[in-house]
Structure formats: structure tokens, C-alpha cells
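*Asks:* heads up, no residue letters with this:
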């Protein structure tokens, strides 16, 4: 048995009939749908198709709707959330915004984009970008955080609802502690793991402390959290998030690069982070904020 959760800002019974008919035409046996929140999110159980096929059928039938398909054998409400930060829990890439204060944003953003697509080695790309920031006044970090960093819609609701239900929460970022620690505290993460920008005499040295937080670190944080993998949820947008997304019980690509979306069990393309709450069966009345 599979459970498809459909999420959209104006979801209608007609949309759900379209979904059911598309599944039936593909050889599935759809069951009767139930609303999680009327007009916003609904569950549609089905049998007779592989998960990936069911997802593809539903995404093709309802291209403006977010689709999460999962097995009913795994726990629906997850006991661990592990999340990327940049462009996932916040709306920006911090290193790109920091580079803007040094007049280097286009150059550094191009490297970031290539690294997140998976076209460049993450650690090498990180070192190259940070080296370009050598001698930048460290006070700019606080200025950048105050002026540029904004939480992704739904971030606090997702984290605090899951924590309220007893889940562990980890923010694990290939970015920097100077951003991740205050962001993690504001959202409500219990644990924050990120890289350390090295500073001397009030200026960036152009180096990152070792060991670097990379894709292997993200995977290790997931695997060492003490939660059975079927009860875990991982979310991110870049290539360095792929190993943890693939290993999690429910791995979700969030407005992600194509390679990451292809590796994930589900991809959120339209909505905000509250789609991940609907995927776990949390109605709005159950959200913490």
C-alpha cells in the first residue's frame, strides 16, 4: 500500500478525481481520498504501482501540485528531521550574500551554483570561494546576517511541530556557523552542525577550519542520530544533500537542483516547508506555530 499526499493552494475535489483517474489508467487501484486540510492537502491511498511510477503519474496529472508518495509500512510521523540550511531553511546562499559585500557576488555565486548542481567538488569549491573573501572585515558577517538572511516560509512551523511531537532536529550545513547557529536557534533546531570560517585580527583569513562539513558529514549525522532510518526525514536542495536524502526514510528535495530532485523520493517544487508537515499527516490545527 502506498499513500500519496497532494498539496496545493487551491486543491479541489476535481483535482483529486483527476489524480484517481490517472492512477487507475496506469494500472493502480486508488482508494477514496481524505482531506488533511480542505482545499489545501489530501491523502490518496493506492495499490498496484511502484512508488516511483505512482509519483510520476501524479506529477504529470497535476503539474501545479506537490506530490509526496510513501509506503504505509514506514512510520508516517518521523522521529528525526535533518535539514540543509542555505536555500532550504533560509531563502539565500549565505556565502553569495557575504560575497556581495566584497563586490564578488557574481563570481562566487557562479561557483556556488555549479557546486550545488554537482558539477564541482564541494570541498574544493568551498575552499575556492572562501579564499576569495580573504581580508574581508569579519564584522560584515553580522551585517550580512541581519540584512540578508530570511527564514524560508514554513521553517519554524516544520521544526517546532516536529520537536513538539518528540522528534530530534538537526540543521547540518555546508555553510558557516556564524550564520547557522543563530538561524538554528531562531527556527528551533536542537543541534546545529556547520563549517567554521577562520578569522584573525578581525578579518577573514580565506580559510575554513577542518574537517569540512560536506555530504559525508550530513550522511553521518543522519546515521548516527540513533533513529531507525525508516523514521527519518531529510530535506535539502543541493548535490551535497543527496547522500542523506537517499538514505533517509523520507528524502525530500526542496526547490532543488535537477540532480538532487532526481535522487529524492519526493520533490517539493511549488509550496513551502509546510508541505513536509502535510506529508506526515499534520493538519494546520496540529502545527506548533
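*Replies:* It's in. All of these numbers come straight from a predicted model, not from anything done at the bench.
*Asks:* Help me confirm that residue 234 is found in a strand?
*Replies:* Yes. According to DSSP: H, G, I helix; E, B strand; the rest coil, residue 234 belongs to a strand.
*Asks:* could you pull out the strands for the chain?
*Replies:* Ranges of strands within the chain are 2-7, 29-30, 34-37, 41-47, 66-71, 80-83, 168-176, 191-195, 197-200, 203-208, 232-236, 250-254, 266-268, based on DSSP state E.
*Asks:* The longest one packs against which elements?
*Replies:* This means strand 168-176. strand 80-83, helix 94-101, helix 155-164, helix 177-187, strand 191-195, helix 215-223 (3 or more Cβ pairs under 8 Å, 6 or more residues apart in numbering; DSSP states H and E). No exception for glycine: its C-beta is placed from N, CA and C like everyone else's.
*Asks:* report the angle between the axes of the fifth one and helix 215-223?
*Replies:* Compare the direction of strand 191-195 with that of helix 215-223 by axes from the mean of the first three to the mean of the last three Cα atoms, to 10 degrees and you get 170 degrees.
*Asks:* now swap in the fourth one and tell me
*Replies:* With the same axes, to 10 degrees as the criterion, the two stretches helix 177-187 and helix 215-223 enclose an angle of 30 degrees.
*Asks:* Pull out the buried positions in helix 177-187.
*Replies:* Of all the residues in helix 177-187, those buried under the rule 16 or more other Cβ atoms under 10 Å are 177-180, 183-184, 187.
*Asks:* I'd like the residues you listed laid out as CSV, including distance to residue 102.
*Replies:* CSV is the format used below for the buried residues of helix 177-187 (distance: Cβ to Cβ, whole Å):
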residue, distance to residue 102
177, 19
178, 15
179, 16
180, 20
183, 21
184, 25
187, 27
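*Asks:* From those, pick the one nearest residue 113.
*Replies:* Proximity of the buried residues of helix 177-187 to residue 113 (Cβ to Cβ) peaks at residue 179, which lies at 18.6 Å.
*Asks:* before we move on, the earlier item: for the helices and strands packed on strand 168-176, which one sits closest to residue 114?
*Replies:* Of the helices and strands packed on strand 168-176, nearest to residue 114 by Cβ to Cβ is helix 94-101, at 12.3 Å.
*Asks:* other SSEs contacting that closest one?
*Replies:* Using 3+ Cβ pairs under 8 Å, 6+ apart, helix 94-101 is in contact with helix 105-117, helix 122-132, helix 139-148, strand 168-176.
*Asks:* looking at these, which is buried most?
*Replies:* When the helices and strands packed on helix 94-101 are scored by mean count of other Cβ atoms under 10 Å, the highest mean neighbour count falls to strand 168-176 (a mean of 25).
*Asks:* can you state the direction angle for it and helix 105-117?
*Replies:* Going by the same axes, to 10 degrees, strand 168-176 makes 130 degrees with helix 105-117.
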